[in-house]
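A.B. asks: Take this sequence and fold it.
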Amino acid sequence: MKRLACAAIALLALAGALPVAAQGFAVQVSPPRFEESAKPGTVHRNVIEVTNSSPAEGRFRLKTADWTLAPDGSAVFSDALAPGSCRPWVAIEAATLQVAPNARRRFRFEVSVPADAPDGQCRFALVIEGEPEIKPDGSMQVNGRIAIIVYLTIGDGAPVLTLVDTLVQPVEGRDLPIVRIRNTGNAHARLSGFLDAIGADGRRITLLPSADPILPGVTRDIALLPVAESADDPAPVLSFPLRLKGRLESPPLRLDIDTDVAKP
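C.D. replies: Prediction:
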């Protein structure tokens, strides 16, 4: 195992490990993210599987990256160590990886948590990058990138969530109810659960929170998505104002919701 130097990153796959194909870069990674825990003074080890779905051999570079989220949910990167970065704790099996055509390989990484590490969370990205190509003008172009996100909660690190507000906002062309959540803890949260919604037309609809992460020290708007009655049905149309009731969770935390929400 050897330490990986800091490097720039242009793409971060936060939600899942989707195939990426660009100029021969055709890769899938599994799992899409790690959400695990470790104690100070221990070494956390894990394995990632890389699948090359191209008919040609894949040659990849591996590295780590720091990241955070902008207010609009997009990833923001720095090629320098972020303040308090845990990347110096991280080691990977190799800095390069070759995968045969239509084959898969596994590579290991580990996080050596210092004995004096404070409670909180170690967050970083493991980046898989296609081998650069030299363009006719002599410049280099990266074929493609995909990343796996690691959330490693240290000791008693945990989120602390507060429901700040409920409101209605446009999301991808439709008005949806939103819960505004503040996380004053030292680890991320991700909401689950269901809410019952009764619309102005009297129709009862089930709402599911989006799975967006709520990072420590951040207030984030989480959309509540209407659930279709079956996979073949379109998403229900919401009739505002809505009466919301139920419970959202980020175990072991619970947020009880019992309120009305209307368009401004």
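A.B. asks: Assign residue 60 to helix, strand or coil.
C.D. replies: strand (DSSP: H, G, I helix; E, B strand; the rest coil).
A.B. asks: for residue 238, that is, sorry about that
C.D. replies: Residue 238 is classified as coil under three-state DSSP.
A.B. asks: phi, psi of residue 87?
C.D. replies: phi -60, psi -30 (degrees, to the nearest 10).
A.B. asks: That one contacts residue 66, correct?
C.D. replies: Yes. At 6.3 Å, residue 87 and residue 66 qualify as touching, with contact defined as C-beta atoms under 8 Å. Every residue, glycine included, has its C-beta placed from N, CA and C.
A.B. asks: what residues are shared contacts of the two?
C.D. replies: 81, 124 (C-beta atoms under 8 Å, 6 or more residues apart in numbering).
A.B. asks: Okay, now the unreliable bits of the stretch 51-200 of the chain?
C.D. replies: The stretch 51-200 of the chain contains residues with pLDDT under 70 at 134-135, 137-143.
A.B. asks: Please, where are all the strands along it?
C.D. replies: Along the stretch 51-200 of the chain, counting by DSSP state E, counting those that start in this stretch, strands occupy 58-69, 75-78, 90-92, 96-99, 103-112, 120-130, 133-134, 140-141, 145-154, 161-171, 174-183, 192-198.
A.B. asks: Make CSV out of those strands and add mean neighbour count and distance to residue 227.
C.D. replies: Shown next, in CSV, are the strands of the stretch 51-200 of the chain (neighbours: other C-beta atoms under 10 Å; distance: least, C-beta to C-beta, whole Å):
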stretch, mean neighbour count, distance to residue 227
strand 58-69, 20, 25
strand 75-78, 15, 28
strand 90-92, 19, 38
strand 96-99, 16, 38
strand 103-112, 16, 34
strand 120-130, 23, 30
strand 133-134, 10, 44
strand 140-141, 10, 43
strand 145-154, 23, 26
strand 161-171, 14, 15
strand 174-183, 19, 12
strand 192-198, 17, 8
